[in-house]
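In: Here you go, sequence then predicted model.
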2 protein chains.
Amino acid sequence: MQQARLSRRRFLAASAGVGVCGWAPAQHAPDQSGSSEQTGQTVLPSWNEGAVKASILDFVARVTDKRSTDYVAPRERIATFDNDGTLWAEQPVYFQLQFALDRIRALAPQHPEWKEMQPYKAAMEGDHAALAAAGEKGLVEIIAATHAGMTTDAFNKTVSDWLASARHPRFDRPYTEMVYRPMLELLAYLRSNSFKTFIVSGGGVEFLRVFAEEVYGVPPEQVVGSSGAVRFELTDGKPALIKEPRVEFVDDGPGKPVGINRFIGRRPILAFGNSDGDQQMLEWTAAGSGARFMGLVHHTDADREWAYDRASPVGRLDQALSEAERRGWTIVDMKRDWGTVFATPTASGSRALQ
Amino acid sequence: MQQARLSRRRFLAASAGVGVCGWAPAQHAPDQSGSSEQTGQTVLPSWNEGAVKASILDFVARVTDKRSTDYVAPRERIATFDNDGTLWAEQPVYFQLQFALDRIRALAPQHPEWKEMQPYKAAMEGDHAALAAAGEKGLVEIIAATHAGMTTDAFNKTVSDWLASARHPRFDRPYTEMVYRPMLELLAYLRSNSFKTFIVSGGGVEFLRVFAEEVYGVPPEQVVGSSGAVRFELTDGKPALIKEPRVEFVDDGPGKPVGINRFIGRRPILAFGNSDGDQQMLEWTAAGSGARFMGLVHHTDADREWAYDRASPVGRLDQALSEAERRGWTIVDMKRDWGTVFATPTASGSRALQ
C-alpha cells in the first residue's frame, strides 16, 4: 500500500517533472509572426538541427502566418498522433499487452483453472512464443479477461494502479517515463501555436485516457482509440457503465481515418505515426487541400532505444516507410534527429538512460 | 443557383446575426469572482428572472468560485446538451427526418420505381400516416437511401445545401433560425466560464456537424451523435470515406452515457435535455460526485413554439419529467422562463415570430 502510494507519487512527479502541465517552451513559444530562423534555437530543444526539425518549424510558421498562402485558421489546426512507438516506446511488447499479462497474473489466484489452460498459462509464464502461437483468438481471450466484466471506473483504477507500480524490463522505470521528450516538446509547441492535439491510437481508448492528460497534456476528449462495447446499467437507481467482452472498434490501419472522422469530424493538417498501422491516417491527412505535414518516427537507435522497421513483429514499418520515401513525407531518424530520447523525471537533466 | 447562394448567405447571416462567433455576453461575461447577484441582470438576457435562471447562475457561480466547496477545475467543466427540442425545435417532425424526406424527393427522378414503392411513395407525398405505418424498417430504408452510398464530403454538401434552401413549414424560415436564443446564451455563458460545451444528440453526428460550429459555436470534435458505419477506400491512390447503409451507434436513451464515455471520456457536471431520450444522460450526470446540474426544457408554449410532453410522438417527455420532479432537477418552463424563444437573424430585435 505504502509502495503503491509512493509509486503513484513517482508517476505524478514524472509527468510534472517533464513539465507537461506548465511546459516552458509552450509558454515562451515564439510569437506566431516570428520566423523559424529567429526562433529555431529556442523551440524543440531536444530536436537536433537539420532538415527534419526545419520541416516542422517551416510548416508551423507557414500555417500560422496570416500573410502566407498556406495560412490555416486556428480551429482547423488539427494534429493527430499515434501513441505506441510515436509518443512512447512499444518494445519489447506493446505496453497495454504487458498490462494485460500482469493483470492475468494478478487475477490468477481467483482462477486456479488458468494454471493448465492456454493462453492464460503462457500469459502467466511470460511465454511469448506460446502466446504468439495462441494467435488473435488467444489475445482476444486475454483482453476479455482483463478489460471486461467490470465498470469503467474499476477498470480505470486497475490501469492507474499498474502504471504506478509496473516498471519497464529494460529501463527499470515506470512506463509513463518511456515517453519521448522530443514528441512532448512537439505537442506543446503545436498547442502554443493554437493547434488542437489528438491521440489516434490502435490501443484501447480507456487505457490511454488514464494517463494521456498528465503525461501528454491531451485531455480524454481528445483521445481516439480502439474500444470494447460498454453497457449502461441502472442498479437500485445507481447507474454504471459495464465493459463487455466484445470489440467494438479497431482504430488501426484504415480504422484510423474512420476514427478521425467519427471522433473529430475534421481532417488533420498534421499527423505523426511510426508504423504501417498509421499509413492510412497519413494518406487521409495528405489528401486534404492546403498545407499538410505527414511525419513518421523511424526507430534507428538501438543504443538509446531500439532499432527496427520492416521486419519487426511489433510496430512494423514497411509499406508506410516506402510510401513516405516516395511522397517526401518527413521521416524522423531517431538516432540522427533526437538529441534526447526519453523524458526524464528529474529536472537535473540526467542523461543516464540516454 | 442564385437563390441557393442567397440562401447560403442568409444561413451564415443568421448565425452571425445571433452573434455566436463574437457573442457579446460571452465576451463581456462577468469575472468568475463576481457573484451572481451582481451580474444577474446582464447575463442570460433572454431568460426571465426566477428560480430557473437563478439555479443556473448559482450553479455556475459555485463551481467557478475557488473558495467554494463546490469548485470544479476548468478541465472538468464538461457540459452536454441534447439537440432536437433542446437547442432547436423538433416539431412537427425531427428536422433531420425532414431533410431525408426532401432528399427522397430530390433523388426521385433517378428512381422511377419509388413512385409505387413504400416507404418512398409516402415520403414523396409527405404522407406521415403511411410513413408511421412503415415503422422503423421503413425509416431505416429512407435513412439508408439518403444517408449512405456516398462519400462523407458529398453527404456534408447535401446537408449544407438543404440547410441553405429548406424552410420550416410553420415559421417559414431556415431551420437554422429555429434555434433557441436562451440556449445560445447559455452555451456562450458556460464557455465564458471555462466550460467545454458538447452536443450529445440522438441525431446523426455528421448531419449535426455541418452546422453546429456556425450556429452553436460547438466545433465538430465536440459533437456526439448517432452514426452509420463508414468505410475507408483508396481508389487510384485517392482516399475517401464512404458512408454505408448500416447503423453503427444509436446515441439515444442508455446510448447517451455510453456515447459520452466513448467520445468525451469524462462525466459531465451539467447536462440539458428535453425528452425521455435524455433521461439516462441526466442520471449519469447526477451520479457523479460534487456539484451537478441537470436541466430539462419543457415545451409549454403553443403560441410562440409548441406545447407537448407525455403523449407526444416526437420528443416525448414522460418518465424523465417524473424523475426530474422527484429529484428536484431544473425544469425550464418555456412559457414562463424564456423572454424570447427563437434566435432571430436580424439585429433589430424583431419579435414578429415570438
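Out: All right, it came through fine. Numbering: from 1, shown residues only, chains lettered A, B, ... in the order given.
In: Enumerate the residues of the stretch 1-150 of chain A near chain B.
Out: Residues of the stretch 1-150 of chain A lying close to chain B (CB under 8 Å from any CB of the partner chain) are A:75, A:78. All C-beta atoms are positioned from the backbone trio N, CA, C, and that covers glycine.
In: which residue ranges form the strands in the stretch 1-150 of chain A?
Out: Secondary structure of the stretch 1-150 of chain A (DSSP state E, counting those that start in this stretch): strands located at A:78-81.
In: For the residue in it positioned nearest to chain B, which non-adjacent residue is spatially closest?
Out: Among the residues of the stretch 1-150 of chain A, A:Arg75 lies closest to chain B, at 6.1 Å counting by CB to the nearest CB. Distances taken as CB to CB, 6 or more residues apart in numbering or on different chains place B:Pro219 nearest to A:Arg75, at 6.1 Å, with adjacent residues excluded.
In: For that neighbour, what are phi and psi?
Out: Per-residue torsions, B:Pro219: phi -70, psi 160 (degrees, to the nearest 10).
In: try A:Leu270
Out: Taking degrees, to the nearest 10 as the convention, A:Leu270 sits at phi -140, psi 130.
In: OK, contacts around it?
Out: A:59, A:77-80, A:190, A:195, A:285, A:292-295 (CB atoms under 8 Å, 6 or more residues apart in numbering or on different chains).
In: A:Leu317 too?
Out: Neighbours of A:Leu317 in contact, by CB under 8 Å, 6+ apart: A:274-276, A:296, A:298-299, A:308-310.
In: now do 10 Å
Out: A:Leu317 makes contact with A:85, A:273-279, A:296-299, A:308-311, A:324, A:331 under the criterion CB atoms under 10 Å, 6 or more residues apart in numbering or on different chains.
In: what number of residues lie near the nearest residue to A:Ser275 once chain neighbours are set aside?
Out: Using CB to CB, 6+ apart and skipping the chain neighbours, the partner closest in space to A:Ser275 is A:Gly315 (4.5 Å). A:Gly315 sits with 24 neighbouring residues when counted by other CB atoms under 10 Å in any protein chain shown.
In: cool, A:Gly228 as well?
Out: Neighbours of A:Gly228 using other CB under 10 Å come to 19.
In: Read off the pLDDT value for the residue of the stretch 1-150 of chain A closest to chain B.
Out: On the pLDDT scale, A:Arg75 is placed at 96.
In: ok, A:Pro239 to A:Phe155 distance?
Out: Counting by CB to CB, to the nearest Å, the gap from A:Pro239 to A:Phe155 is 16 Å.
In: Between the two, point out the one with more neighbours.
Out: Comparing A:Pro239 with A:Phe155 by other CB under 10 Å, the one with more neighbours is A:Phe155, at 23 against 18.
In: my read is that one is in a strand, agree?
Out: No - looking at A:Phe155 with DSSP: H, G, I helix; E, B strand; the rest coil, it is helix, so not inside a strand.
In: Hmm, A:Phe207 and it touching each other?
Out: Yes - A:Phe155 sits in contact with A:Phe207 when judged by CB atoms under 10 Å, with a separation of 8.3 Å.
In: how about the strands in the stretch 251-354 of chain A?
Out: Using DSSP E, counting those that start in this stretch, strands in the stretch 251-354 of chain A cover A:270-273, A:293-300, A:307-308, A:330-333.
In: just the ones you listed: most buried one?
Out: Stretch with highest mean neighbour count among the strands of the stretch 251-354 of chain A: strand A:270-273 (a mean of 29; mean count of other CB atoms under 10 Å in any protein chain shown).
In: Sheet-wise, list the partners of it with their directions.
Out: Strand pairing for strand A:270-273, using DSSP bridges, gives strand A:78-81 (parallel), strand A:293-300 (parallel).
In: now the shortest one: how far from the chain's centre is it?
Out: Spelled out, that is strand A:78-81. 12 Å (CA atoms, centre = their mean, to the nearest Å).
In: can I have that strand written out in CSV, keeping just the CAs?
Out: Extracted in CSV, the C-alpha atoms of strand A:78-81 (Å, rounded to 0.1, in the frame of the first residue of the first chain):
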residue,chain,number,x,y,z
ILE,A,78,-6.0,19.6,-36.0
ALA,A,79,-2.9,17.5,-35.3
THR,A,80,-3.2,13.7,-34.7
PHE,A,81,-0.5,11.5,-33.1
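In: Report the central residue of chain A.
Out: Taking CA atoms, centre = their mean, the centroid of chain A lies closest to A:Asn83, which sits 1.8 Å from it.
In: wait, doesn't that one sit right on A:Ser201?
Out: Yes - with contact defined as CB under 10 Å, A:Asn83 and A:Ser201 form a contacting pair (3.9 Å).
In: Mutual contacts of the two, please.
Out: Joint contacts of A:Asn83 and A:Ser201 (CB under 10 Å, 6+ apart) are A:96, A:207-208, A:212, A:223, A:225, A:273.
In: Quick one, which of the residues you listed are buried?
Out: Those of those that meet the buried threshold are A:96, A:207-208, A:212, A:223, A:225, A:273, by 16 or more other CB atoms under 10 Å in any protein chain shown.
In: Surely A:Thr158 and A:Ala106 touch.
Out: Yes - A:Thr158 is in contact with A:Ala106 according to CB under 10 Å; the separation is 8.3 Å.
In: Can you pull the residues that touch both of A:Phe155 and A:Phe207?
Out: A:His147.
In: quick one, helices of the stretch 251-354 of chain A?
Out: A:255-259, A:279-286, A:319-327, A:334-337 (DSSP state H, counting those that start in this stretch).
In: any residues touching the third one, and which ones?
Out: Helix A:319-327 has contacts (CB under 10 Å, 6+ apart) with A:273-283, A:286, A:294-296, A:298, A:309-310, A:317, A:329-331, B:237.
In: got it, and the last one?
Out: Residues lying outside helix A:334-337 but in contact with it, judged by CB under 10 Å, 6+ apart, are A:46-53, A:180, A:182, A:274, A:297-307, A:330-331, A:341.
In: buried ones in it?
Out: A:334-335, A:337.
In: likewise stretch A:114-121?
Out: A:114, A:119-121.
In: Could you report the pLDDT at the residue of chain A most remote from its centre?
Out: Going by CA atoms, centre = their mean, the residue of chain A most distant from its centre is A:Asp236, 38.5 Å out. The per-residue pLDDT reported for A:Asp236 equals 89.
In: now do A:Gly349
Out: pLDDT, read off for A:Gly349, is 36.
In: what does the stretch 251-354 of chain A put close to chain B?
Out: Residues of the stretch 251-354 of chain A found near chain B (CB under 10 Å from any CB of the partner chain) are A:253-267, A:279-288, A:323, A:327.
In: Tell me the buried residues within those.
Out: Among these, the ones that count as buried by 16+ other CB under 10 Å are A:253-267, A:279-286, A:323.
In: Sort out which residues of the helix or strand hosting A:Leu234 are buried, please.
Out: Using DSSP states H and E, A:Leu234 falls within strand A:223-235. Buried residues in strand A:223-235, counted by 16+ other CB under 10 Å: A:223-228, A:230, A:232.
In: Render the CA-only coordinates of the helix or strand that that strand is followed by in CSV, please.
Out: Counting by DSSP H and E, the element after strand A:223-235 in chain order, helix or strand, is strand A:238-249. Presented in CSV, the C-alpha positions along strand A:238-249 are these (Å, rounded to 0.1, in the frame of the first residue of the first chain):
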residue,chain,number,x,y,z
LYS,A,238,-27.4,3.8,-9.3
PRO,A,239,-26.1,4.0,-12.9
ALA,A,240,-22.9,2.3,-14.1
LEU,A,241,-21.1,1.6,-17.3
ILE,A,242,-20.1,-2.0,-17.7
LYS,A,243,-17.3,-3.1,-20.0
GLU,A,244,-18.3,-6.0,-22.2
PRO,A,245,-16.0,-8.7,-23.8
ARG,A,246,-16.8,-7.6,-27.3
VAL,A,247,-14.5,-5.5,-29.5
GLU,A,248,-16.5,-2.6,-31.0
PHE,A,249,-14.0,-0.6,-33.0
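In: Noted, bye for now.
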